[in-house]
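Visitor: Sequence first, predicted coordinates after that:
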Amino acid sequence: MGNKVDIITVDGPSGVGKGTLSRLLAKQFDYALLDSGAIYRLAALLVLDQQLDLCNEERLYHTLKNLNIDFKIEDDKTTAYLNGVDVSHRIREEKTGMIASKIAKIPIVREALLACQKDFAKGVKGLVADGRDMGTVVFPNAQYKFFLDAEIQVRAKRRYDELVAKAEKADYNEILEQLQARDAQDRNRAIAPLKAADDAIVVDTSNLDINGVFNKVLTDIKRIDRLSYIKRWQKTYYGLLVKNIDTLSYVPEFLDKPYLVNKANTRLLCQTRGMFYLITYARLNNLEDGWNKAFKLYQQIKALYWNHSTQSWHKFVQDGNVSDPYEYAFLLFSLSHLYQKYTQTDLLADILKVNQLIQEKFVSEAFKNLKDAQGVIGQNALMHLFESYLSAYRYTKSDIFKNQAQALYEQIIILFFDHKQMLMREYSIEYQPVVFEPGHSFEWSALILEALELGVDVGLMPDHKALFLSASQKGVNANGLVRSNLNNKDDQTQYRIWPMLEYMRYLAMTKQENTLEAAFEIFAKVFIANDLPIEYIDHNEQAAFDKVKSTTGYHLINCWQYISTKRSI
């Protein structure tokens with residue numbers, strides 16, 4: 001949790017477990033507790049003790065605004081204190097309840113007690129606020145908001161069992177009717193009606209015991225913390241990226257040291273991956289300016305890297321034709337994502353032209369132009385080409401790209417998939433010794449999942465779960481870091497940021513919350529400094545690289561988009 005006062009609000013009707021959950025959370029985090037349901041009874045008790053006139057609203061307001069109350073957790077029960085005296089039993093007396101019902105209808109009393117409740121968040125490490133309008137009225141800016149609910153029959157049965165356990169008189173039907181009446185009153189009242197805040201997490205407790213509710217809420221709190229960190233990191237990287245584009249009109253190799261590599265030697269890849277970061281950041285944050293900057297970058301890319309006379313792309317500014325399929329893959333990938341918003345004829349024409357060049361230069365004649373002197377082909381570029389086909393199909397809806405993705409995938413599996421190890425090879429079967437990079441198997445696991453979502457046939461090897469499991473077992477070391485290469489010893493290797501990001505991306509896509517939380521804690525500890533990424537760490541988990549690569553933004557935002565949203569596959 002953050003350094004400021006953290007507030008957890010727990011709202012909902014009676015019988016959903018608010019009180020018990022709030023006590024557990026307060027104990028878990030050593031936070032102060034506010035039982036707002038008891039506030040009006042405590043106020044009523046003060047009215048009784050001081051014989052206050054309910055018609056004297058001015059005196060009521062000033063007296064109740066400075067109500068001296070406190071709540072403590074003792075023997076797993078909430079004890080209420082008024083002026084330092086335990087009055088837990090007195091506030092449950094019927095005469096106190098009758099006065100509480102009367103004063104709750106007086107607007108100026110509600111105003112006074114609102115100020116009193118807000119004061120609970122002052123001078124404390126954190127606060128758990130239990131009530132009916134904590135997240136909507138009292139603490140609308142709370143970082144953690146929960147609304148508990150349950151089927152009314154379940155709530156009635158819980159109350160019935162509670163009374164029976166105390167040997168008190170209990171009638172299930174009567175309790176049910178009382179709850180129905182109370183719900184109608186609370187949900188329909190003019191002032192502070194019972195409802196979930198728009199940004200609250202709604203938890204149905206009908207089929208959960210208190211441990212189940214507590215564990216779910218703890219998981220959600222950790223997820224909210226994760227999102228707040230990621231949002232800050234995203235914004236920092238985005239700000240640095242935009243600053244460079246605004247200053248230079250292109251994306252440099254290193255965002256924090258833009259003049260280390262001059263413009264002439266800056267790759268097209270930096271531009272295309274930078275464009276993808278802008279687009280995805282804009283999607284996640286509903287930011288029109290991000291889209292606009294991405295489109296302007298696209299226009300700048302054409303001006304710098306496209307040769308009109310030869311009708312070809314350059315890897316570097318004014319430097320020959322691109323013979324690197326990796327560059328072309330990301331060009332097709334980023335332009336396809338841009339097409340989601342800008343469905344212009346010229347942009348579509350560029351997409352189709354890039355695809356034509358890919359087919360001619362790299363795919364035709366069984367990847368003839370990709371083979372080295374020994375006939376070996378690397379899988380990395382083809383993996384990203386497959387990825388670009390998926391994106392092109394997603395946004396253009398053209399079956400051309402779907403068919404190309406399916407055909408390419410079949411060839412990739414034949415060339416690179418090791419059925420014995422259940423991993424993707426780095427090079428085709430001719431290359432020895434066999435090289436496995438677990439990060440790419442994680443990346444493939446995510447791509448297979450995405451292909452299945454799009455209806456792309458991956459029947460030759462659809463088992464993304466087995467691929468991910470094998471890569472996890474072989475590629476994640478005892479400290480939770482992803483090994484760069486299975487042939488390297490842990491004490492002789494550097495760990496890169498992108499394999500960790502690909503590992504977490506798949507975990508987020510498949511909602512493996514506990515494993516994701518553990519991985520995220522490691523990631524935040526060793527791969528982030530000053531809200532910016534660390535590209536490499538050594539085997540002692542110390543930073544081994546002091547620059548911020550613009551190409552790493554692709555992996556960052558591609559992972560974070562799944563963690564930052566409820567999107568899963």
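Guide: Yes, it's here.
Visitor: Poorly predicted segments of this protein, please.
Guide: 1-4, 320-322, 566-569 (pLDDT under 70).
Visitor: who touches the closest residue to residue 8 other than its chain neighbours in this structure?
Guide: Closest residue to residue 8 apart from its sequence neighbours, by CB to CB, 6 or more residues apart in numbering: residue 144 at 4.3 Å. For the C-beta atoms, the positions are set from N, CA and C on the backbone; glycine is no exception. Taking CB atoms under 8 Å, 6 or more residues apart in numbering as the criterion, residue 144 is in contact with 6-9, 220-221, 224.
Visitor: And residue 337, by the same measure?
Guide: Residue 337 is in contact with 275-276, 279-280, 391, 395, counting by CB under 8 Å, 6+ apart.
Visitor: rewinding a little: now for the contacts of residue 144, which pair is the farthest apart?
Guide: Maximum pairwise distance among those (CB to CB): 14.7 Å, between 7 and 220.
Visitor: Looking at those two, which one has more neighbours?
Guide: residue 7 (24 against 16; other CB atoms under 10 Å).
Visitor: Give me the secondary structure label for the nearest residue to that one once chain neighbours are set aside.
Guide: Spatially, and ignoring its direct neighbours in sequence, residue 7 is nearest to residue 142 (4.0 Å; CB to CB, 6+ apart). Residue 142 falls in the coil class when you classify it by DSSP: H, G, I helix; E, B strand; the rest coil.
Visitor: where's residue 142 relative to residue 129, distance?
Guide: Residue 142 sits 7 Å away from residue 129, going by CB to CB, to the nearest Å.
Visitor: okay, and the common contacts of these two?
Guide: The contact sets of residue 142 and residue 129 overlap at 7-9 (CB under 8 Å, 6+ apart).
Visitor: nearest to residue 74, of the residues you listed?
Guide: residue 8 (20.2 Å).
Visitor: Out of the shared contacts of residue 142 and residue 129, which comes closest to residue 200?
Guide: Distances from residue 200 to the shared contacts of residue 142 and residue 129, taken by CB to CB, are shortest for residue 9, at 7.5 Å.
Visitor: follow-up on the earlier one: when residue 142 and residue 129 are compared, which one has more neighbours?
Guide: Between residue 142 and residue 129, counted using other CB under 10 Å, the more crowded position is residue 129 (28 against 21).
Visitor: Residue 163 against residue 171, yeah?
Guide: No: the pair residue 163 / residue 171 is not scored as a contact, 9.1 Å apart, by CB atoms under 8 Å.
Visitor: which of the two has more neighbours?
Guide: Counted by other CB under 10 Å, residue 163 and residue 171 do not tie: residue 163 has more neighbours, with 15 against 11.
Visitor: residue ranges for the helices of the stretch 251-400 of the chain, please.
Guide: For the stretch 251-400 of the chain, applying DSSP state H, counting those that start in this stretch gives helices covering 268-285, 288-305, 325-339, 345-358, 364-367, 379-396, 399-416.
Visitor: Alpha carbons of the first one, as PDB, please.
Guide: Extracted C-alpha coordinates of helix 268-285, given in PDB (Å, rounded to 0.1, in the frame of the first residue of the first chain):
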ATOM      1  CA  LEU A 268      12.900   2.000 -37.700                       C
ATOM      2  CA  LEU A 269      12.100  -0.500 -34.900                       C
ATOM      3  CA  CYS A 270      12.300   2.300 -32.300                       C
ATOM      4  CA  GLN A 271       9.600   4.200 -34.200                       C
ATOM      5  CA  THR A 272       7.300   1.300 -34.700                       C
ATOM      6  CA  ARG A 273       7.500   0.100 -31.100                       C
ATOM      7  CA  GLY A 274       7.200   3.700 -29.900                       C
ATOM      8  CA  MET A 275       4.000   4.000 -31.900                       C
ATOM      9  CA  PHE A 276       2.600   0.800 -30.300                       C
ATOM     10  CA  TYR A 277       3.300   2.300 -26.800                       C
ATOM     11  CA  LEU A 278       1.500   5.500 -27.700                       C
ATOM     12  CA  ILE A 279      -1.500   3.600 -29.100                       C
ATOM     13  CA  THR A 280      -1.800   1.200 -26.200                       C
ATOM     14  CA  TYR A 281      -1.300   3.900 -23.600                       C
ATOM     15  CA  ALA A 282      -4.000   5.900 -25.400                       C
ATOM     16  CA  ARG A 283      -6.400   2.900 -25.300                       C
ATOM     17  CA  LEU A 284      -5.800   2.200 -21.600                       C
ATOM     18  CA  ASN A 285      -6.200   5.900 -20.500                       C
END
